[in-house]
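1. Pasting the sequence and the predicted model now:
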Amino acid sequence: MSVKRLIQLVSLLAIAAVSAQALADESCVSPAPAVFEPSYAGIEELHAAIESRRISVEQLVCYYLRRIDRLDQRGPQIHALISVNPNALERARRLDALAGGRQARSLLFGIPFVAKDSYNTAGIPTTGGSAALRSSVPAENAFVVQRLLDEGAVLIGKANMSELAASFGRLGYSAVGGQTRNPYNTARDVSGSSSGSAAALAADFAVFGLGTDTSGSIRDPASVAGLVGLRPTFGLISRTGVMPSAPSFDATGALTRSVRDQAIVLDAIAGVDPLDPATRGGPTRAGGYRAGLMRTTLKGVRLGVIGNFRGGNAEVDALERSVLSRLESLGAKLEPLILPAEFERLWNLVLEPADEAEFKAAFEHYLGILPPDQPKTLAALIAASAADAVHSAIPINPRRLEALRRDDASRSADSPAYARVLTEIVPAVRAQLAALAEEHHLDAFVFATMSCPASPRYDRPDPSYVCQSEDPYKASYIAPVAGYPEVTVPAGRISANMPIGYSFMGLPHTERQLLDIAGVLEAARPRPPPPPLD
């Protein structure tokens, strides 16, 4: 790397490293204290407070900036965010200037959110956690980010993630953001790869967050952080402007603190994008998710209880039994199911070979749309990632670097084995699930999102962790392989203060029904206390 390039890099890093403390110190002194307390508030509650002038958008943004300053890089050092949006307060003030108008405003008007750092954000570096892309500043926002901004939402920061959306033993670790910690227990991780978005919501750094999900990367972080996470039907939400992993299975979506918030965000971001062909096969009018939350009981609802993935952790299994008892008491009819053995091997059969075949071409296409001074090939990114010049105190995960080298050398995109994945195995999985749903007249399939709780950070052993499964994420692979929607909701907590999530999976484009059912379970248990951070 040339001296000139290093100087440019340092300059851009200075811009990207604008801290919450600097923004808060400079600009969050003057606003008077808000009448409304925004701590862990939901979207509708905040919307009502903004509309009634009990809090301004500026006051709300300042609340989150102060909290980020106190807890993210200092205090418990959650390391949820890679960067803070230096324009967040300016945007908040512009929105406040519109507050006197009579026009109807979106529920997301003035609502702060975070975006996983794989979402392009105009004028703000988008790194994917890769030090080789620390100076990559996109010219345009990702489709989903722009939709939220058009609704009046405020991007407050970019969230840390497993580097380039793959963890390799370091869940939530990147060479830019370091190791994200679980706000409920900082000795544990927040799964991956949308780790920072989940941690940011659990720590109350924003109201909702954007993530991506190829094999569980929204649902698993949501599960271990006490959140609601939705992987939508394949193609329901655009992926334009988002770093790819395996396009045949990649999905974008949101993490929220409630089912209602999930429905509100989904109303805003679902729909057709002419630049993402996957969205063209969906409903012509997506939406109505918030309006569809009508159930108060589960009377008449039939749920297929998948039993393949138990045995990883006795407390998780016990909590599932409690959830199933609760679902029955709410009126649901439960149908026990054991799926064919291949459903327990979907990583090896489908997702791993698909990633090996698809990643290089898809990622190099993404690199091709970046500014001219950025790496244009995977080989160039690997060389930059391995160079000492791009690193500070945070090295790249060695296993991630080695995997990138394997991807660069892979020729499996033309292999008969990969063709069989897409033409035989994936259709067979879809057909078997659809047949089971029809045979048992099911409204949804249900199961524990993960068979074990959040694992210890790679850098800190935790002897209290118990997991008897060789892969606690197996259940998470079904929805992406089938292209089906799945929502996880908090089910309770077990020892070490670990949240556990429970999943509802349905047939394509049944998000309204899934959210409606999940909302009943959510309402049936008291809202648990937030993480012990303050």
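-> Sure thing, it's come through.
2. Name whatever forms a beta bridge with the residue positioned nearest the centre of the chain.
-> By Cα atoms, centre = their mean, the chain has its centre lying nearest to residue 211, at 2.8 Å. Counting by DSSP bridges, residue 211 is bridged to residue 253.
3. So in the chain, where's the weakest helix or strand by average pLDDT?
-> In the chain, no helix or strand scores lower on mean pLDDT, DSSP states H and E than helix 3-16, which sits at a mean of 40.
4. which element is the residue lying closest to residue 132 once chain neighbours are set aside on?
-> Nearest residue to residue 132, sequence neighbours excluded (Cβ to Cβ, 6 or more residues apart in numbering): residue 384, at 3.6 Å. (Glycine included, C-beta is placed from N, CA and C.) Element membership for residue 384 (DSSP states H and E) is helix 378-386.
5. And residue 61, by the same measure?
-> Applying DSSP H and E, one finds residue 61 within helix 57-71.
6. and if you look at residue 466?
-> Using DSSP H and E, residue 466 sits within no helix or strand.
7. and the residue nearest to it when sequence neighbours are not counted, how many neighbours does it have?
-> Once flanking residues are discounted, residue 466 sits nearest to residue 313: 5.5 Å by Cβ to Cβ, 6+ apart. Residue 313 has 24 neighbours, counted by other Cβ atoms under 10 Å.
8. roughly how far apart are residue 313 and residue 468?
-> Going from residue 313 to residue 468 by Cβ to Cβ, to the nearest Å gives 7 Å.
9. What segments of the stretch 401-534 of the chain are helices?
-> With DSSP state H, counting those that start in this stretch, the ranges of helices along the stretch 401-534 of the chain come out as 416-420, 426-439, 478-482, 511-523.
10. could those go into CSV alongside mean neighbour count, distance to residue 495 and mean pLDDT?
-> Putting the helices of the stretch 401-534 of the chain into CSV (neighbours: other Cβ atoms under 10 Å; distance: least, Cβ to Cβ, whole Å; pLDDT from 0 to 100) gives the following:
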stretch, mean neighbour count, distance to residue 495, mean pLDDT
helix 416-420, 13, 42, 93
helix 426-439, 15, 34, 98
helix 478-482, 26, 28, 98
helix 511-523, 22, 22, 98
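11. Identify whichever of those lies nearest to residue 136.
-> Nearest to residue 136 among the helices of the stretch 401-534 of the chain is helix 478-482 (26.7 Å), distances taken as Cβ to Cβ.
12. counting contacts, what elements does the closest one pack onto?
-> With contacts taken as 3 or more Cβ pairs under 8 Å, 6 or more residues apart in numbering; DSSP states H and E, helix 478-482 sits against helix 426-439.
13. How far does the helix it packs on sit from its chain's centre?
-> The chain centre lies 27 Å from the centre of helix 426-439; the measure is Cα atoms, centre = their mean, to the nearest Å.
14. show me where pLDDT drops low in this protein?
-> 1-26, 29-32, 100-104, 283-286, 388-392 (pLDDT under 70).
15. now with 80?
-> 1-27, 29-34, 99-104, 281-286, 388-393 (pLDDT under 80).
16. Please enumerate the strands of it.
-> 81-84, 112-116, 154-159, 173-174, 178-179, 208-213, 228-231, 251-256, 302-306, 333-337, 444-448, 486-494, 498-505 (DSSP state E).
17. Please name whichever of those is nearest to residue 399.
-> Of the strands of the chain, nearest to residue 399 by Cβ to Cβ is strand 173-174, at 10.4 Å.
18. Tell me which strands that closest one pairs with, and in which orientation.
-> Strand 173-174 has its sheet partners listed here by DSSP bridges as strand 178-179 (antiparallel).
19. Quick one: closest of the helices of the stretch 401-534 of the chain to residue 119.
-> Short answer: helix 478-482, nearest of those by Cβ to Cβ, at 18.8 Å.
20. Pull the contacting residues for residue 121.
-> Contacts here follow Cβ atoms under 8 Å, 6 or more residues apart in numbering; on that basis residue 121 touches 85, 115, 138, 141, 142, 145, 155, 158.
21. Next one: it from residue 514, what distance?
-> Distance, residue 121 to residue 514, by Cβ to Cβ: 29 Å.
22. One more: residue 68?
-> Taking Cβ to Cβ, one finds residue 68 at 32 Å from residue 514.
23. The residue nearest to the centre of the chain touches residue 218, doesn't it?
-> Yes. Counting by Cβ atoms under 8 Å, residue 218 is a contact partner of residue 211 at 4.3 Å.
24. got any residues that touch both of those two?
-> 194, 229, 253, 254, 255.
25. Not counting its neighbours along the chain, what's nearest the second one?
-> Just to be clear, that refers to residue 229. residue 222 (2.7 Å).
26. how many neighbours does the one you found have?
-> Around residue 222 there are 39 residues (other Cβ under 10 Å).
27. tell me the contacts of residue 38?
-> Taking Cβ under 8 Å, 6+ apart as the criterion, residue 38 is in contact with 46, 49, 55, 60, 63.
28. List just the nearest of the residues you listed to residue 368.
-> Distances from residue 368 to those, taken as Cβ to Cβ, are shortest for residue 60 (38.3 Å).
29. leaving aside the residues next to it on the chain, what's closest to that closest one?
-> Per Cβ to Cβ, 6+ apart, closest to residue 60 is residue 38, 5.7 Å.
30. if we can go back for a sec, can you select the buried ones from the shared contacts of residue 211 and residue 218 in PyMOL?
-> If you want just the buried ones from the shared contacts of residue 211 and residue 218 in PyMOL, going by 16 or more other Cβ atoms under 10 Å, the selection is:
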select buried, resi 194+229+253+254+255
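31. Now do residue 234 against residue 413, distance only.
-> Distance from residue 234 to residue 413, counting by Cβ to Cβ: 20 Å.
32. neighbouring contacts of the helix holding residue 61?
-> 19-21, 23-24, 27-28, 31-34, 38, 46, 50, 78, 81, 84, 88-89, 92-93, 95-96, 99, 109-110, 112, 154, 156-157, 203-206, 533.
33. Alright, calling it a day.
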